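Asks: Sequence and predicted structure, then a few things I'm wondering about:
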Amino acid sequence: MKIINYLMLVLTISLIYSCQQISLPTIVYQNSSGTEQPSAQEIRRYLYLRTGKLALIQEIASAEEIPAYAIVLTKNDGVLHKADVELGPESYQLKTDGNRLFITGGSDKSLLYGSYKFAEHLGIRFYLHGDVIPDKRLKSFTLPVLNEVHTPLFATRGIQPFHDFPEGPDWWTLNEYKAILAQLPKMGMNFIGFHNYPHPEPMVWIGLKSDIDSAGNVKAAYPARHFHTMENGWGYAAKSTGDYFFGAANWYPKDIYGPVYMDNRTATTYTSGQWGTSTTDEQTSIDLFNASGKFFSEAFTYAHKMGVKICLGTETPLGIPAKVKEHLQQMNLNPADSSVVRQLYEGVFTWVQKHYPADYYWLWTDETWTWSGNTQQQLDAVMSDMQIALRALDNVKPGFGLATCGWVLGPQQDRSLFDNYLPKNIPFSCINRNVGFTPIDPGFVAVNGRSKWAIPWMEDDPALILPQLWVGRMQRDAADALAYGCDGLIGIHWRTQSIAQNISALAQAGWSQTEWNPNQDKKMTQEEAVENSNKQERDLGASSYYAGWAHSEFGEEAAEQLAVLFTNLDGTEPSERQNERQGRLPRQAVWVDGPGGLKASYAKVPTAWVEVVKDYAFVDEMEALRPLIKGNGNIARFDYWLNTFRYLRVVGELNCTIGAYNQKVKEIRQIKEPQKQQEQAKNELLPLRIQSIQQLREIHRHLFAFINTYGELGNLTNWQQHLMDLYFDKPAKELTSLLGTELPAEALPDKVPVYSSRIIAPELRTAIDRGESFNMQVIITEISPAKAVLKYRMLGEKKYQTIALQTVGRCVYQADIPANSLTGDFEYYIEVEKQSSGTMRFPATAPALNQTVAIW
């Protein structure tokens, strides 16, 4: 017995000793005024996530103080270390020397890039929607042997989130803005840009300088909007979220949902190119712009802290809101007079200057230029307006420059024409034509001596309700942009997690293309660029990307099979039919009055489900791999995509049913005998209607299962207010008339929830400011949970503190940790006890692996 006890003691000591074998280097830096300390905190945080151990951070004064085992963070000034190569302001080096790893940046910004590159060497991956941390913690740690220098291929790299729909930045909270902005440097990006339509949006105010007070508040304004649920624009029918079906109402805290600056300021009517009516209260509009100015001021100030440049602007010629025209006319000013337009631009630039640390204000040519071309008169008006804007900029001297953008690079007469007339310090940019199915404009080659920003579509709005896999296309566009001499690579998008692969592929292509671009060093002539743009191959191979992505996303067990599956679904087949906007991934969505209608709306002959069901065989193939996936995080990420593809399949099925319904209703309309028409409607239309309701319910069941972000919540609103209006609400009225009676219950949507209990955290910040309280909203789809709490502790501590989540409305809750309770970087998780039985946690890996937050 004594021998057994002795052996058990030895075993226990051995286990304790083995658990203590992880020895982490000390993280040192020399100057706390720049990004050295935040970089150190980030490295410590990611080491903690991978090892469960907390490394020591130490500020030192000289190289002599560097410990024997250390990660050294330094700018390339020679105090602690000097790189053995020249480093530009965006370049950095990771170099191991014995038991020391030197991360050297050419600037504060690039030092932060270097820190995140080190985290990638730990197996961590970064996306706009958040970080992916491997489920398995490291059992041991040694410094990786590195000797690498990274210099970007493009000076400007970033994103262009597009407004107008609930899937995009219209619904980003301030926390979500900051979360996304903090992810950009992790992905090596440094730019965010925003377009604003002339039917006014509240990010840009238009008016006279005299209507702005010294604090930047305006004294005159006009109706404007970002998307809220009680508006009727872009094909959406105004609807209270309380009237949503299938339990969707519970996912929104209030009936009129939208951005916080629109609260109680909703302009609900869209007519004649303007929001609001003649009875809209001007004070409401004034309050809206003053609130939005403060909101975006805080977001954009944070962007600069993260090393991200800000660009925003309007279309040219300047769109003047009706209320502004009235205001000018009351002052005996002619809105058509160039001097008055100059005064308006001076007002715009002054307002932007007082609110935002903007770097550029860009002027967009009208979208019709890509679809219909432009007249000489339109070109003359744009050229004149640009000169007016230049004079206004010179008068105001706001500290930012001008840039151009549009759906085309320039006019149809000559896409590079503006290069002959505008100063060389104005960058030129444009989004790809044909919602991204057309390659980068070869006209970029003819533009010289200025910055040129290519903007591929990371997703398109006609298919905004569907997943879109364009990794190969992102790589082709990035390769073309490089060959055409562009120094900017920016991606247009609305959603985040739904298109995570596309975003990260574009981000990576901004730094290196060696794995998939055999001609990375070649610059094309104009003739070569035109020939290149006419190639049928729209993509460059995505297999290498998906090999790494599948491994980090799902673990090693099924990575190879999943990489092949996703590669086969990515991009388009080489074809001359790009205008049909087809992809390898089934695509049954199209623009119908707004983003994401069904192709059945335009189908002359309906497609039978039996003919296309084979196109969705990959869903069952993926489902068969689920038993191989190990680890809660890997399973959660796998289920996200599995439910996305299940949803996609039922959307395809519904498209066929709606097509059959549309065809049948056309036939029945031709019947002249009322009784026969009624019989046909009952026997042939009603069964199709009931079938479509069943499919709609299934669509929502799968959609609820993968909503993780505000973009996917926007997809839910798209179904409730756009697609249901098109394919269910309006047809129901006609069917009721044809039947001569009310529809039976099974032919109508209901409000019975079709989702399971989940915790959704759409705003995942990983860094907050010093002195800032931590708060976050979560959706808990468990009605009246027995307990809902957030548990947190400082990194390295053992005991958790617990705070109760507070109800915001319906199934939406908020957690608040006061700033004085946060003494350092911390970790947290959400825990919910169900009324019935069982406990849910977020993240899926908690409490073994939690969300972490640094305080800078």
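Replies: In hand now; what should we look at?

Asks: drop to CA atoms for contacts and neighbour counts, all remaining ones
Replies: Noted.

Asks: Tell me the secondary structure of residue 644, please.
Replies: Classification of residue 644 by DSSP: H, G, I helix; E, B strand; the rest coil places it in helix.

Asks: Neighbours of it, how many?
Replies: Applying the criterion other Cα atoms under 10 Å, we find 22 residues in the vicinity of residue 644.

Asks: which residues touch it?
Replies: Contact analysis of residue 644 by Cα atoms under 8 Å, 6 or more residues apart in numbering lists 467, 702-703, 706.

Asks: Select, from these, the two members most distant in space.
Replies: In the contacts of residue 644, two members sit farther apart than any others by Cα to Cα. They are 467 and 702, at 13.1 Å.

Asks: just the strands in the stretch 201-350 of the chain please.
Replies: Secondary structure of the stretch 201-350 of the chain (DSSP state E, counting those that start in this stretch): strands at 270-271, 274-275, 309-315.

Asks: go on, the stretch 651-800 of the chain?
Replies: In the stretch 651-800 of the chain, strands defined by DSSP E, counting those that start in this stretch lie at 759-760, 767-768, 774-780, 787-794, listed in chain order.

Asks: Pass me the low-pLDDT residue ranges in the protein, would you?
Replies: Confidence mapping of the chain against pLDDT under 70 gives the ranges 1-20, 267-280, 575-580.

Asks: Most neighbours out of the contacts of residue 644, which is it?
Replies: For these, counting by other Cα under 10 Å, the largest number of neighbours falls to residue 703: 24 neighbours.

Asks: measure the most centrally placed residue in the chain to residue 127 for me?
Replies: The geometric centre of the chain, computed from its C-alpha atoms, lies nearest to residue 496 (Cα atoms, centre = their mean), at 3.2 Å. Distance of residue 496 to residue 127, given as Cα to Cα, to the nearest Å: 8 Å.

Asks: anything in contact with each of these two?
Replies: When contacts are counted by Cα under 8 Å, 6+ apart, the set common to residue 496 and residue 127 consists of residue 503.

Asks: Now mean neighbour count and distance to residue 461 too, for the strands of the stretch 651-800 of the chain, in CSV please.
Replies: Shown next, in CSV, are the strands of the stretch 651-800 of the chain (neighbours: other Cα atoms under 10 Å; distance: least, Cα to Cα, whole Å):
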stretch, mean neighbour count, distance to residue 461
strand 759-760, 20, 25
strand 767-768, 20, 31
strand 774-780, 20, 26
strand 787-794, 20, 37
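
Asks: All the strands of the stretch 451-600 of the chain, residue numbers only.
Replies: With DSSP E, counting those that start in this stretch as the criterion, the stretch 451-600 of the chain has strands spanning 452-455, 488-493, 589-590, 597-598.

Asks: Remind me what the second one packs against, helices and strands.
Replies: Contact analysis of strand 488-493 by 3 or more Cα pairs under 8 Å, 6 or more residues apart in numbering; DSSP states H and E lists strand 156-161, strand 452-455, helix 500-509 as its packing neighbours.

Asks: 7 Å - rerun?
Replies: When contacts are defined as 3 or more Cα pairs under 7 Å, 6 or more residues apart in numbering; DSSP states H and E, strand 488-493 sits against strand 156-161, strand 452-455.

Asks: Can you give the distance of the last one from its chain's centre?
Replies: Read that as strand 452-455. 19 Å (Cα atoms, centre = their mean, to the nearest Å).

Asks: Kindly state the domain boundaries assigned to this protein.
Replies: In the domain annotation for the chain, the residue ranges read 17-151, 162-220+279-537, 561-747, 759-855 (automatic domain parsing).

Asks: among the ones you listed, which is nearest residue 240?
Replies: Nearest to residue 240 among these is domain 561-747 (9.4 Å), distances taken as Cα to Cα.

Asks: Good, we can wrap up now.
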